[in-house]
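Participant: only the shape, not the letters, is given here:
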């Protein structure tokens with residue numbers, strides 16, 4: 001039997017520990033359903049690590065997450081997250097915007113470079129995602145060099161619908177036409193702003209998560225935002241962003257896309273169930289997992 005995938009879990013403080021606890025429970029349930037060997041390693045991080053070791057990123061934590069297959073963070077506001085990202089050779093980011101059950105908000109993927117000279121890598125990944133989804137991609141803005149890279153990638157791939165709206169056109173359509181875009185790719189100056197726009201202009205409640213990925217090695221996965229620390233310990237923090245980050249981890253970090261889709265569907269089912277509270281929502285997700293599974297997608301892992 002092959003070794004298990006290792007997920008380094010960085011909870012931080014505030015609501016981070018309770019969100020991570022529920023994400024870990026859900027990941028264990030998804031892994032069991034999909035026969036995925038998964039081991040989560042919880043590491044001192046942020047304020048907790050500073051209290052115990054005098055540093056927000058002690059050497060033991062850095063060594064552990066560097067050797068992990070993926071890194072899950074539940075406290076996106078934790079300043080130590082910048083240190084984690086700087087410690088890794090991250091090249092591009094993939095963000096997911098998820099409209100809650102019953103919402104008019106669109107399901108959207110936004111891709112952009114992070115590291116220097118990563119434009120081509122980000123554009124290639126965006127085209128791959130578009131081909132695996134609905135065959136639609138929009139490249140927003142960018143320099144003449146950026147547009148040349150998009151044109152070259154477009155020549156290599158048949159059957160995709162590719163458009164190149166201006167920034168203004170993209171913002172108007174994000175506001176007025178839910179579902180107008182499926183995969184957006186933009187340069188480093190614009191990608192994060194498009195995610196902000198998609199979450200604020202959506203026609204209903206949305207959840208978002210972000211993955212920072214290297215060309216090879218461990219990626220970092222986190223909710224795009226989370227509840228404030230004033231809710232810590234009350235059991236009412238919304239875990240959906242952390243669970244969407246966990247789905248991104250399965251898809252982009254471990255290449256287990258059928259497991260990721262199972263989790264995403266289960267989250268949507270839980271949103272429509274009326275479940276409330278951090279643990280109650282996670283329980284509803286776990287209960288929904290068997291019905292959310294689609295076995296016909298398992299061929300992807302066979303040929304991976």
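Facilitator: All right, it came through fine. Since this is a predicted model, take the numbers as computed values, not measurements. Numbers count the residues shown, from 1 in each chain.

Participant: when you work out contacts or count neighbours from here on, use the C-alpha atoms and nothing else.
Facilitator: Noted.

Participant: how about low-confidence regions in this structure?
Facilitator: Scanning the chain for pLDDT under 70 picks out 1-2, 100-106, 203-204, 295-304.

Participant: break it down into its structural domains.
Facilitator: 1-88+217-304, 93-213 (automatic domain parsing).

Participant: parallel or antiparallel, list what pairs with the helix or strand hosting residue 208.
Facilitator: If you go by DSSP states H and E, residue 208 is part of strand 206-214. With DSSP bridges as the test, strand 206-214 is paired with strand 90-99 (antiparallel), strand 219-223 (antiparallel).

Participant: I'd like the distance from the longest one to the chain centre, please.
Facilitator: So that's strand 90-99. Centroid separation between strand 90-99 and its chain, computed with CA atoms, centre = their mean, to the nearest Å, is 5 Å.

Participant: the next helix-or-strand element following that strand vs strand 206-214, what angle?
Facilitator: On the C-terminal side of strand 90-99, the closest following helix or strand by DSSP H and E is strand 108-113. Angle, strand 108-113 to strand 206-214, by axes from the mean of the first three to the mean of the last three CA atoms, to 10 degrees: 30 degrees.

Participant: returning to that earlier point: will you turn the strands paired with strand 206-214 into TSV that also has distance to residue 37 and mean neighbour count?
Facilitator: Output for these, formatted as TSV (distance: least, CA to CA, whole Å; neighbours: other CA atoms under 10 Å):
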stretch	distance to residue 37	mean neighbour count
strand 90-99	25	24
strand 219-223	18	28
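
Participant: including distance to residue 254, could the ones you listed go into TSV?
Facilitator: As requested, the strands paired with strand 206-214 are arranged in TSV below (distance: least, CA to CA, whole Å):
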stretch	distance to residue 254
strand 90-99	14
strand 219-223	9
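
Participant: nearest to residue 15, of the ones you listed?
Facilitator: Minimum separation from residue 15 across the strands paired with strand 206-214 (CA to CA) falls at strand 219-223, 12.3 Å.
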